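Peer 1: the sequence and its predicted three-dimensional model are supplied below.
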Amino acid sequence: MLFTAFASRRRLRQQKNLVNRRISLVKRFGKYLLHECVAQGGITEIWMATDEYENVVAVRKLRGRGLSASGPKLFKAGLKVHRKLSPHPNVIRFINHGKTDGTPFMVLQYIEGADLKAMLSRQHDMVDNIADVLVQMADGLNHLHDRGWIHLDYKPENIMVSLNGHVSLIDFDTAQKMPRKPKKYPKISGTPSYMPPEQLKGEAVDQRADIYAWGSTAYELLTHLRPFGGRTPEESRQNQLDEKYRVKPVHQYNPQVPVALSQLIGNCLAHKPEARYPTMTVMNARLHRILGVQHQPVAALHSLALAS
């Protein structure tokens with residue numbers, strides 16, 4: 001198989017057991033019991049929790065202390081996307097939402113695993129085939145676009161991989177309705193390393209910004225390097241903005257990668273949006289052909305999600 005894993009599942013299970021041995025104070029939050037805070041960001045914290053039926057879920061709630069002024073607005077925007085998205089195998093499942101003691105929260109599928117950022121930082125993977133991760137990454141983003149949304153903060157940190165290698169796209173706080181033509185948005189938080197030049201410069205963007213971010217994430221997953229190099233973040237940013245800078249093809253770092261896949265990723269990372277794939281549907285179909293995976297229409301995947 002292409003692109004074998006970086007390490008075994010055993011190490012992950014050992015880490016999981018260490019976490020499980022930690023003493024944590026169970027807190028009641030409305031009808032949920034919060035067992036452990038598993039992630040914390042600028043505006044939210046995510047808890048591994050159980051509901052009244054003892055189902056394990058993830059409760060994502062606004063942080064009460066040090067909350068930014070934009071926090072409630074971003075949280076509300078993300079909730080709106082979750083409520084409108086139909087189920088898909090590669091998008092985290094939305095379950096419920098509400099307020100407890102004035103604190104907004106949403107209930108999501110609990111994923112036992114890690115995000116791609118954590119996996120890359122530890123130099124190992126939890127899956128048997130990285131090619132399968134790439135396909136699932138593309139399928140999830142394709143579904144988001146097909147339902148009329150662009151993510152605008154697509155990066156390894158927002159891609160969860162379960163212990164059995166299942167990929168889920170998460171965090172829609174900065175997502176926007178897909179525009180009919182490139183649109184300039186008010187200041188949107190994001191991660192510069194994965195932004196295309198037009199987004200970095202505050203210019204109009206469309207779905208091709210996400211395609212660029214997918215390419216940057218795929219490049220890093222296959223090489224453990226950022227596509228624009230640089231000894232400092234500022235140098236890397238300058239390379240991103242330099243139209244003459246040429247990204248070194250993935251297969252030159254990783255000979256296991258087919259040249260066709262390397263070229264696909266290079267196309268996603270084109271400096272000008274018009275030089276990239278026009279839509280995720282086009283890019284995803286090409287990716288499936290390259291990797292020999294049967295491409296399922298979005299409608300078929302939607303039916304699969306409902307049946308699961």
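Peer 2: Everything's here; your move. Residues are numbered from 1 along each chain as shown.
Peer 1: please count neighbours and contacts with C-alpha atoms only from this point.
Peer 2: Will do.
Peer 1: helices of the chain, start to end?
Peer 2: Along the chain, counting by DSSP state H, helices occupy 9-21, 71-84, 116-121, 130-146, 197-200, 208-223, 233-241, 250-253, 259-268, 280-291, 298-307.
Peer 1: may I see the buried residues of the second one?
Peer 2: Residues of helix 71-84 classed as buried: 71, 72, 74, 75, 76, 77, 78, 79, 81, 82 (neighbour count, 16 or more other Cα atoms under 10 Å).
Peer 1: any chance of those in JSON lines, plus distance to residue 275 and pLDDT?
Peer 2: Shown next, in JSON lines, are the buried residues of helix 71-84 (distance: Cα to Cα, whole Å; pLDDT from 0 to 100):
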{"residue": "71", "distance to residue 275": "35", "pLDDT": "84"}
{"residue": "72", "distance to residue 275": "37", "pLDDT": "89"}
{"residue": "74", "distance to residue 275": "31", "pLDDT": "90"}
{"residue": "75", "distance to residue 275": "34", "pLDDT": "94"}
{"residue": "76", "distance to residue 275": "34", "pLDDT": "94"}
{"residue": "77", "distance to residue 275": "31", "pLDDT": "94"}
{"residue": "78", "distance to residue 275": "30", "pLDDT": "96"}
{"residue": "79", "distance to residue 275": "33", "pLDDT": "97"}
{"residue": "81", "distance to residue 275": "29", "pLDDT": "97"}
{"residue": "82", "distance to residue 275": "31", "pLDDT": "97"}
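Peer 1: any chance of these in CSV, plus distance to residue 231?
Peer 2: Converted to CSV, these look like this (distance: Cα to Cα, whole Å):
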residue, distance to residue 231
71, 33
72, 36
74, 33
75, 35
76, 38
77, 36
78, 34
79, 38
81, 37
82, 38
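Peer 1: and the residues you listed, which is closest to residue 281?
Peer 2: The nearest member of these to residue 281, counting by Cα to Cα, is residue 81 at 19.9 Å.
Peer 1: residues touching the closest residue to the closest one other than its chain neighbours, list them.
Peer 2: Nearest residue to residue 81 in three dimensions, chain neighbours excluded: residue 172, at 6.6 Å (Cα to Cα, 6 or more residues apart in numbering). Contacts for residue 172 were tallied using Cα atoms under 8 Å, 6 or more residues apart in numbering; they are 77, 78, 79, 81, 82, 151.
Peer 1: those: which two are farthest apart?
Peer 2: Across those, no pair lies farther apart than 79 and 151, at 13.3 Å, counting by Cα to Cα.
Peer 1: circling back: got the phi/psi numbers for the residue nearest to residue 81?
Peer 2: Phi and psi for residue 172, reported as degrees, to the nearest 10, are phi -110, psi 20.
Peer 1: please report the distance of it from residue 84.
Peer 2: 11 Å (Cα to Cα, to the nearest Å).
Peer 1: quick check: phi and psi on residue 88?
Peer 2: Main-chain dihedrals, residue 88, degrees, to the nearest 10: phi -150, psi 140.
Peer 1: what distance do you get for residue 53 to residue 230?
Peer 2: 51 Å.
Peer 1: these two: which is more packed in?
Peer 2: Higher neighbour count among residue 53 and residue 230: residue 230, with 14 against 8, using other Cα atoms under 10 Å.
Peer 1: pretty sure the more buried one contacts residue 236?
Peer 2: Yes: with contacts defined as Cα atoms under 8 Å, residue 230 counts as touching residue 236 at a distance of 4.4 Å.
Peer 1: show the low-confidence segments of this structure, by residue range.
Peer 2: Scanning the chain for pLDDT under 70 picks out the ranges 1-24, 65-68, 123-128, 188-189, 294-308.
Peer 1: hey, which strand is longest across it?
Peer 2: Secondary structure of the chain per DSSP state E: the longest strand is strand 32-40.
Peer 1: so how far is it off the chain centroid?
Peer 2: Put simply, strand 32-40 sits 21 Å off its chain's centre (Cα atoms, centre = their mean, to the nearest Å).
Peer 1: now do it: everything it contacts.
Peer 2: With contacts defined as Cα under 8 Å, 6+ apart, strand 32-40 is touched by 24-28, 45-52, 59.
Peer 1: which of these sit farthest apart?
Peer 2: Within the contacts of strand 32-40, 45 and 52 form the most distant pair, 20.8 Å apart (Cα to Cα).
Peer 1: list the contacts of residue 151.
Peer 2: Residue 151 neighbours (Cα under 8 Å, 6+ apart): 144, 172, 174, 175, 176, 210.
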